[in-house]
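*Asks:* Next one to model:
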Amino acid sequence: MLLLLLFLVVAEILLLVSLGRTIGALSVLALLLGTGAVGVLILRRRMPLAIRSIAAGLLQRRAGFRSALRGEGLLLVGAFLLVMPGVITDAVGAVCLVIGTLTWRRPPQREANEDIIDVPFHVHDEDP
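*Replies:* Prediction:
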């Protein structure tokens, strides 16, 4: 795990230096500050809601807790990765944000209820 973290840090530094030579140091600095600001904004807005949602799911042992954890959890992980400086972490954070947003926006699936009988039916209109 430590070796993976060391590899990530070295890859981030090499990529930042290479990108700085290509597009300029100020552009890279603006990119890092911009993604960091977006990450902080998302964390400030979503963190309290996510913690309440996850805590409520734990207390009530809801079946929809997993989907809330995936959606809210991915949003928080993505925002945290955006705050961390680096191009690789920003790209992974953006992917987590997109997947988390899609999961969060999806309506929750209804649970199967044994009291409900679901059968197909057809309506036939008879004209008098």
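
*Asks:* Would you map the helices across this structure?
*Replies:* Assigned by DSSP state H, the chain shows helices spanning 2-23, 25-60, 65-83, 87-105.

*Asks:* helices or strands next to the first one in the packing?
*Replies:* Under the contact criterion of 3 or more CB pairs under 8 Å, 6 or more residues apart in numbering; DSSP states H and E, helix 2-23 touches helix 25-60, helix 87-105. (C-beta placed from N, C-alpha, C; glycine too.)

*Asks:* Counting neighbours, which bits of the first one end up buried?
*Replies:* Which is helix 25-60. 28, 31-32, 35, 38-39, 42-43, 46, 50, 53-54, 57 (16 or more other CB atoms under 10 Å).

*Asks:* between that helix and helix 87-105, how many degrees?
*Replies:* Angle of helix 25-60 versus helix 87-105, following axes from the mean of the first three to the mean of the last three CA atoms, to 10 degrees, is 40 degrees.

*Asks:* now the angle from helix 25-60 to helix 2-23?
*Replies:* Using the same axes, to 10 degrees, helix 25-60 lies at 140 degrees relative to helix 2-23.

*Asks:* on that earlier part again, how about the buried residues of helix 25-60 in TSV, adding distance to residue 84 and pLDDT?
*Replies:* Shown next, in TSV, are the buried residues of helix 25-60 (distance: CB to CB, whole Å; pLDDT from 0 to 100):
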residue	distance to residue 84	pLDDT
28	15	92
31	13	92
32	10	92
35	9	93
38	12	93
39	8	92
42	13	90
43	12	90
46	17	84
50	18	76
53	24	73
54	22	71
57	27	70
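
*Asks:* for the protein, what are the low-confidence residue spans?
*Replies:* 61-70, 104-118, 127-128 (pLDDT under 70).

*Asks:* Please name whichever of the helices and strands packed on helix 2-23 is nearest to residue 9.
*Replies:* helix 87-105 (9.9 Å; CB to CB).
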